[in-house]
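Engineer: quick one: sequence plus predicted model below, questions after.
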Amino acid sequence: MRRRWYWIVPFAIVGIPLFLFIGGEVVMHLWNWLLPPLFGWRMLTFWQALGLLALCRILFGGLGHGGPGGRRRHWRGRCRDWSPEEREKFRRAMEEGYDFGSATQKGN
């Protein structure tokens, strides 16, 4: 079993730094090409672009949820254990558009 994974190590040693370099360069060139002329913002260095790429990954890309559809699979597993009453309550909440605030506001 371990023998199959040995070929990945050389690719990872070359691939990860290459991926980071290309990603940083692409972000830097796109930023420097678009944003300074359009909005007058400062130009980025490679390291700032790499930091921006990491920040965007954290803020918008998540930190890995089991691949594509990972959250969907998580919910699908949770919904299997629901009783028919819980499912009906969820369906009603979906139809009402998650109107959580109106219940407290109606009584005022």
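Structural biologist: Nice, I can see it.
Engineer: can you pull out the helices in the protein?
Structural biologist: Listed in chain order, the helices of the chain (DSSP state H) span 8-39, 46-60, 70-80, 84-96, 101-106.
Engineer: worst mean pLDDT among the ones you listed?
Structural biologist: Taking each of the helices of the chain in turn, the lowest mean pLDDT turns up on helix 101-106, with a mean of 52.
Engineer: okay, now residue 27: neighbour count?
Structural biologist: Residues within reach of residue 27, counting by other CB atoms under 10 Å, total 20. For every residue, glycine as well, the C-beta is placed using N, CA and C.
Engineer: equivalent analysis for the one 10 residues further on, please.
Structural biologist: In terms of burial, residue 37 registers 9 neighbours under the definition other CB under 10 Å.
Engineer: roughly how far apart are it and residue 30?
Structural biologist: Residue 37 is 12 Å from residue 30, where distance means CB to CB, to the nearest Å.
Engineer: likewise for residue 8?
Structural biologist: Distance, residue 8 to residue 30, using CB to CB: 30 Å.
Engineer: likewise residue 77?
Structural biologist: Counting by CB to CB, the gap from residue 77 to residue 30 is 39 Å.
Engineer: quick check, central residue of this structure?
Structural biologist: When the chain is reduced to its mean C-alpha position, the nearest residue by CA atoms, centre = their mean turns out to be residue 61, at 2.0 Å.
Engineer: what confidence value was assigned to that one?
Structural biologist: The pLDDT attached to residue 61 in the predicted structure is 81.
Engineer: against residue 27, how distant is it?
Structural biologist: If you measure residue 61 against residue 27 using CB to CB, the figure is 13 Å.
Engineer: residue 28: neighbour count?
Structural biologist: 20.
Engineer: what does residue 24 give?
Structural biologist: That count, for residue 24 with other CB under 10 Å as the rule, works out to 21.
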